[in-house]
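Engineer: Here is a sequence with its predicted model. Questions after.
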Amino acid sequence: MKFVLIFGPQAVGKMTVGQELEQITGLKLFHNHMSIELVAPFFSYGSAPGKRLVKLIRQSLFEEVAASDLDGLIFTYLWSFDSRHDWAYIEDVCRIFESKGGEVYFVELEAALDVRLERNKSPHRLEHKPTKRNIEFSERDLLKRMADSRLNSYPGEIQRDHYIRIDNAELSPDVVAARIKQAFAL
């Protein structure tokens with residue numbers, strides 16, 4: 001069982017890279033907005049019920065996949081590095097897979113703000129993430145989150161054997177996915 005965690009700031013390309021990686025590895029993609037979009041028609045993700053439901057969906061899916069005969073899972077996540085809660089959450093998720101003998105792979109994506117602001121409006125992103133379709137709100141949220149949180153790690157901060165960091169501002173998603181596949185022999 002392989003668990004590939006793709007993380008980075010908003011609109012950096014986590015989902016799109018994950019989709020490409022799914023195509024070339026056969027690992028299943030569970031991008032973070034799949035659970036958010038499922039809950040959004042009923043409860044805002046920012047509300048207590050919304051957060052609780054998203055967490056339950058993710059937790060249940062992780063546990064079922066880790067116990068299954070699937071080859072693995074790709075998951076995308078917006079990790080706030082200055083949040084102890086996010087660090088603990090990532091450790092808990094990794095533990096689910098590691099406790100079943102799975103291997104965990106960390107993929108950090110980064111890109112300049114101007115690139116991310118442009119990607120935030122891409123038709124592909126908006127097709128898969130209905131809650132991002134209000135571009136004005138989405139852009140404001142992206143800028144606020146960037147001001148309030150550190151969304152990329154410091155050099156040496158991630159102490160994992162299987163870790164790669166890629167600046168994908170000038171790279172196509174298929175090239176990034178190929179690098180990930182090669183780096184981890186997926």
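Structural biologist: Now that the structure is in, tell me what you want to look at. Numbering: from 1, shown residues only.
Engineer: Give the buried residues for the longest strand anywhere in the chain.
Structural biologist: Secondary structure of the chain read by DSSP state E shows that its longest strand is strand 103-110. Using 16 or more other C-beta atoms under 10 Å as the test for burial, strand 103-110 gives 104-110. Just so you know, the C-beta spots here come from the backbone N, C-alpha and C atoms, and that holds for glycine as well.
Engineer: how about these in CSV, adding distance to residue 61?
Structural biologist: Listed next are the buried residues of strand 103-110 as CSV, based on distance: C-beta to C-beta, whole Å:
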residue, distance to residue 61
104, 16
105, 18
106, 19
107, 19
108, 22
109, 22
110, 27
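Engineer: helices or strands next to the helix-or-strand element of the chain with minimal mean pLDDT in the packing?
Structural biologist: One helix or strand of the chain scores below all others by mean pLDDT, DSSP states H and E: helix 123-128, with a mean of 82. Contact partners of helix 123-128 among helices and strands, from 3 or more C-beta pairs under 8 Å, 6 or more residues apart in numbering; DSSP states H and E: helix 14-25.
Engineer: Apply 10 Å and report the result again.
Structural biologist: When contacts are defined as 3 or more C-beta pairs under 10 Å, 6 or more residues apart in numbering; DSSP states H and E, helix 123-128 packs onto helix 14-25, helix 32-39, helix 135-148.
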